[in-house]
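In: Could you look at this predicted model? Sequence included:
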Amino acid sequence: MSFHKTLTASTAALALALAAAPMTVFTAQSAVAQEAAEYSGDQLDAFTSALIEVASVREKYTPLLQSAETEDQQTAIIKEANAEITDVIETTDGITMDSYLEIAQAASQDQALNQRIIKRVQAQNETLQ
């Protein structure tokens, strides 16, 4: 199954799981999510672009992390993955790390916002296919 089909098939899981934690072990602190926060379409588009790229990074590093034989190897893989995730987010036009984490936190708590993000992920997937 291609990456795009896999991503389409797991859109809801991505939006929920990755929005809450870009990488399971990613330790950056997020800003407190605002209740019923309103985000513009441009902000959510930038977030969605970053989210899809973060998913790609996660897909790349998860098997490496699972096959690591020592704690030192795991630590090195986590460090490398987190650096790549940070770079992906920071180089995405229209979003900062702080705003990415804020939106991710808000989406994990606000079903309506999460649905807006899911629709954007699906739309971006359709354009990639």
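Out: Structure's in. What do you need? Given the structure is predicted, the values throughout are model-derived calculations rather than measurements.
In: Backbone torsions only: list them for the closest residue in space to S49 that isn't next to it in sequence.
Out: In this structure, S49 finds its nearest non-sequential neighbour in T92, 5.3 Å apart by CB to CB, 6 or more residues apart in numbering. Every residue, glycine included, has its C-beta placed from N, CA and C. Dihedral pair for T92: phi -80, psi 120, per degrees, to the nearest 10.
In: how far away is T92 from I118?
Out: Separation of T92 from I118 (CB to CB, to the nearest Å): 18 Å.
In: which residues does the residue lying closest to L65 once chain neighbours are set aside contact?
Out: Spatial nearest neighbour of L65, chain neighbours left out: I77 (5.0 Å); criterion: CB to CB, 6+ apart. The contact partners of I77, by CB atoms under 8 Å, 6 or more residues apart in numbering, come to 61, 64-65, 68.
In: Closest to Q129 out of those?
Out: Proximity to Q129 was ranked across the contacts of I77 by CB to CB; first place goes to Y61, at 24.2 Å.
In: give me every residue that touches that closest one.
Out: By CB under 8 Å, 6+ apart, the residues touching Y61 are 23, 77, 80-81, 84.
In: Counting neighbours, which bits of the longest helix along the chain end up buried?
Out: If you go by DSSP state H, the chain has its longest helix at helix 41-67. By neighbour count on 16 or more other CB atoms under 10 Å, the buried set for helix 41-67 is 43-55, 57-58, 61, 65.
In: Please apply the same query to stretch 115-129.
Out: 116-118, 120-121, 124-125.
In: model confidence over that stretch, on average?
Out: What stretch 115-129 shows for mean pLDDT is 88.
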